[in-house]
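> Sequence and predicted structure below; questions after.
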Amino acid sequence: MRKMIDIDFGSSRYNELVELRYKILLEPLGLKFLDSFRPEEANYLHIGCVESLDDRLVGGLILAPLDDEKIRMMQVAVDTIYQGEGIGRELVKYAEKRAKEAGYSQIVMHAMLSVVSFYEKLGYQAAGDPFEEQGITFVKMVKKL
């Protein structure tokens, strides 16, 4: 059984989430996690998925406020061992719930081309043309809450 949790910035669980995001999202692309971004993350909502049996963090994401209405979902990561088990979907649904509870009316994100259909199935819509950042092609996607 798994549970969704809020993760406190700077906690040991936060450090686990940073490591997971690095391992799944950045390392395969040859990118580094820059510690200079950590202070920025203090104002973000950090969400994790924990395996109840061994208290292992198996997935996570961050929500970054953009303004009073919009929040940006970023760095959705699921441990490769657990991919394909619905954890990503559970994380996104929990993030939407938390964003709505916090008073936001819209979630935006930059989705890599390879995961656009995943987010479309969850009700997200492409907004604008694909664009490139650091050699990766993204599509801006939005969902009203």
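All right, it came through fine.
> From residue 113, how far out is residue 137?
Distance, residue 137 to residue 113, using C-beta to C-beta, to the nearest Å: 5 Å. C-beta here means a position set from N, CA and C on the backbone, and glycine is covered the same way.
> If you could redo that for residue 120, that was the one I meant.
Where residue 113 is concerned, residue 120 sits at a distance of 12 Å (C-beta to C-beta).
> now do residue 15
Taken as C-beta to C-beta, the span from residue 15 to residue 113 is 30 Å.
> do the same with residue 91
In terms of C-beta to C-beta, residue 91 sits 20 Å off from residue 113.
> before we move on, what SS does the residue of the chain positioned farthest from its centre have?
Farthest-out residue of the chain from its mean C-alpha position, per C-alpha atoms, centre = their mean: residue 53, at 23.1 Å. Classification of residue 53 using DSSP: H, G, I helix; E, B strand; the rest coil returns coil.
> Kindly export the helix-or-strand element of the chain with minimal mean pLDDT (C-alpha atoms) in PDB.
Lowest by mean pLDDT, DSSP states H and E among the helices and strands of the chain is helix 38-41, with a mean of 82. Extracted C-alpha coordinates of helix 38-41, given in PDB (Å, rounded to 0.1, in the frame of the first residue of the first chain):
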ATOM      1  CA  ARG A  38      17.300  25.100  -3.200                       C
ATOM      2  CA  PRO A  39      16.400  28.500  -1.700                       C
ATOM      3  CA  GLU A  40      13.800  28.900  -4.400                       C
ATOM      4  CA  GLU A  41      12.200  25.600  -3.500                       C
END
